[in-house]
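*Asks:* give me a 3D structure for the following:
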Amino acid sequence: MTRALPLVLLAMIAGAAGFYLYVAVFERTPAEAPPATAARQAAEFAPPFTLPDLAGTPRSSSEWDGTVRVVNFWATWCPPCIREIPLLVEVQDRFADRGVQVLGIAIDETEAVAEFADGFDFNYPVLIGQEDAMDLANAFVNNFIGLPFTVFADREGRILRVHTGEIHREQIEAILAEML
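*Replies:* Numbering: from 1, shown residues only. The predicted structure follows:
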């Protein structure tokens, strides 16, 4: 029994350290949130893709060549994803005349996204995919760790920023100020 005590204590210390690390990194308020992740985790250029929109029409990424793209990966079952949508609608409204295009890519079932979209006034394209959208997410950011995440690509298609987790007004405005 006494031999097990050091192992139990070590396990408790490791658990406490893991919990502290989780809280310190993932449970920050927006003011404490780390800056957007540098694009070095991402592909150098935004990968080309074709996914269906809410009407089932295939949409190609080439439609938005020459624009600053804000590509947001999300899902209907993801609360932080849902909280971002009004901000992304506002960003599309506010920056469209400066060549910014928001694209929502739902990693979800078509029916779930269509039903969800009925309750929102999306002013940007919402593209839908399950496995195809997962593959695309991995093409943008190798081994992405969760939703939501937002990719910022310049007019030439170079990925300049990747933000993992819920994005807030101050963060998106700072990133777009750098890009525009």
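
*Asks:* please count neighbours and contacts with C-alpha atoms only from this point.
*Replies:* Will do.

*Asks:* now do the helices in this protein.
*Replies:* When secondary structure is read from DSSP state H, the chain shows helices at 4-26, 79-95, 110-117, 131-140, 169-179.

*Asks:* tell me the mean pLDDT over the first one?
*Replies:* Taken as a whole, helix 4-26 carries a mean pLDDT of 41.

*Asks:* with the shortest one instead?
*Replies:* With pLDDT averaged residue by residue, helix 110-117 scores 94.

*Asks:* would you mind listing the residues in contact with the residue nearest to the spatial centre of the chain?
*Replies:* Centroid-nearest residue in the chain: F149, 1.5 Å away (criterion: Cα atoms, centre = their mean). Going by Cα atoms under 8 Å, 6 or more residues apart in numbering, F149 touches 72-74, 162-166.

*Asks:* looking at those, which is nearest R83?
*Replies:* E166 (7.9 Å; Cα to Cα).

*Asks:* count of residues packed around that closest one?
*Replies:* E166 has 19 neighbouring residues, counting by other Cα atoms under 10 Å.

*Asks:* now swap in T164 and tell me
*Replies:* 20.

*Asks:* show me what it bridges to in the sheet.
*Replies:* Bridge pairing for T164 (DSSP bridges) gives the partners F149.

*Asks:* related to what we said a few turns ago, can you redo the contacts of F149 as JSON lines with pLDDT and distance to E156?
*Replies:* Below are the contacts of F149 laid out as JSON lines (pLDDT from 0 to 100; distance: Cα to Cα, whole Å):
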{"residue": "N72", "pLDDT": "97", "distance to E156": "18"}
{"residue": "F73", "pLDDT": "95", "distance to E156": "20"}
{"residue": "W74", "pLDDT": "96", "distance to E156": "24"}
{"residue": "V162", "pLDDT": "91", "distance to E156": "16"}
{"residue": "H163", "pLDDT": "92", "distance to E156": "19"}
{"residue": "T164", "pLDDT": "91", "distance to E156": "22"}
{"residue": "G165", "pLDDT": "93", "distance to E156": "25"}
{"residue": "E166", "pLDDT": "95", "distance to E156": "26"}
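
*Asks:* buried stuff in stretch 151-170?
*Replies:* Burial within stretch 151-170, assessed by neighbour count using 16 or more other Cα atoms under 10 Å, is assigned to 151-155, 157-167.

*Asks:* from the residues you listed, pick the one nearest M179.
*Replies:* Proximity to M179 was ranked across those by Cα to Cα; first place goes to D154, at 6.9 Å.
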